[in-house]
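In: any chance you could fold what I've pasted below:
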Amino acid sequence: MRPKEIVHRFLASMGRPEATEQYLRLFQAEQRERFAFVVITGSALVDSSNAVVDDLMLLAELELSPVLCLEEESLAALLQEKLPRGFPLQIASAEDAPRIAEAGKMPLLIARNHGERAAAFAHLKARKVVFLINQSGLQPKGQSVRSLINLRTDYDALVGASGLRQEQATLLTDVRDLFAQCPHTFTVSLTSAQDLLRELFTVKGAGTLVRRGTQVERIASFDDLAQARFATLLSSAFGTPPASAFFSRPPLVIFLADQYQGAAVLEEAPLAPYLSKFAVEIRAQGEGIGGDLWRALTNDHERFFWRSRPNNPIAPWYASKCDGLLRGDAWTVYWRGLDTSEIAAAVGYAQEAPIDFGATP
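Out: Coordinates of the predicted model:
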């Protein structure tokens, strides 16, 4: 078996193979320097050098060229010493990084402080920043590792006296400042070297994901949004373009996340609103956008129902959010806030609702 086939099998073992392959295709289609900006902290490199080396060798085998960032020349020398001779790594400036990445090498930047790192990242406009630290994520005192931090709602408590330890609180402040200085869309994750590939190639990820927090807009009509862009969102989330007839049905309301990264569409129905679409763009899945959409939706509507395919990967999440569900061969129907006497009619309506992505059940 060829090395690349071994790597593909390894990645597929970490999550859904189709999602891993889709992420890989997306990353390989990006400008190479925008795939990821990986900050390797000194503690992670010293304590987990073998894992760091393994990660980089696997990414090189996949022909991916993340931009690496270290704080000191001495750490760069240590990394080069650990990597095998001839490994495609080159010390670079942010300005030279695109050219070096395009040539198939991994650019290595030396950023001596947070300001230099932020300036380099703003120049490169990568879609993802990963901080490799010496544990699996940010962990408040006396608590487990946080899988998600929303800066809008969580920051003050986490940097307070009872929140994170000082080193991690400082790192979270650096992340907040990074968001403030770089207006383009990106995500930030903090994880261990052992979990880097899981963070990059699975929806669930690993470690701690830090988010700005999503603004959700309420829109009354498909005419009030960019339909082509909305169709691209649905295509990304569902794997196939929506039928044109979908846009001919007037919505009750559309909940739209920043930059068309996610949406929920409610339609009028006889008993209660019908949630016809709940979608998150593939590159944004696992970033908490679905949770932000769901909060906006449920804050405005106590009663609604929806359906999904039995093999939908977020079916367990739907099950955790509903008051009840009924499983069928073609569809599972879920509901919130419905009376018992209304359930049969709601199930019947959902099962007969139009199929918007082709005729195959």
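In: which helix is the longest one in the chain?
Out: For the chain, the longest helix by residue count, based on DSSP state H, is helix 166-181.
In: centre of the chain to it, how far?
Out: 19 Å (CA atoms, centre = their mean, to the nearest Å).
In: what is the orientation angle of the very next helix or strand once past that helix with helix 166-181?
Out: Going down the chain from helix 166-181, the next helix or strand is strand 187-192, by DSSP states H and E. Here the directions of strand 187-192 and helix 166-181 differ by 160 degrees (axes from the mean of the first three to the mean of the last three CA atoms, to 10 degrees).
In: and the spatially closest residue to Ala126 that is not a sequence neighbour, how many neighbours?
Out: Once flanking residues are discounted, Ala126 sits nearest to Phe37: 4.1 Å by CB to CB, 6 or more residues apart in numbering. (Each C-beta comes from the backbone N, C-alpha and C, glycine too.) By other CB atoms under 10 Å, 28 other residues sit near Phe37.
In: start the count at 11 instead of 1 going forward.
Out: That works, and once the first residue is 11, the last one we named lands at Phe47.
In: wait, doesn't Phe47 sit right on Lys135?
Out: No: Phe47 is beyond contact range of Lys135, at 9.4 Å (criterion: CB atoms under 8 Å).
In: tell me, what's touching these two both at once?
Out: Residues touching both Phe47 and Lys135 (CB atoms under 8 Å, 6 or more residues apart in numbering): there are none.
In: list the buried residues of stretch 306-315.
Out: Judged by neighbour count (16 or more other CB atoms under 10 Å), stretch 306-315 contains these buried residues: 306-307, 311, 314-315.
In: now tabulate the residues you listed in JSON lines and tack on distance to Ala282 and pLDDT.
Out: Formatted as JSON lines, those follow (distance: CB to CB, whole Å; pLDDT from 0 to 100):
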{"residue": "Ala306", "distance to Ala282": "17", "pLDDT": "92"}
{"residue": "Leu307", "distance to Ala282": "13", "pLDDT": "96"}
{"residue": "His311", "distance to Ala282": "8", "pLDDT": "97"}
{"residue": "Phe314", "distance to Ala282": "5", "pLDDT": "98"}
{"residue": "Phe315", "distance to Ala282": "6", "pLDDT": "98"}
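In: restricted to helices, list those residues.
Out: 306-307.
In: got a list of contacts for stretch 165-173?
Out: 148, 150-151, 159, 174, 179, 182-183, 186.
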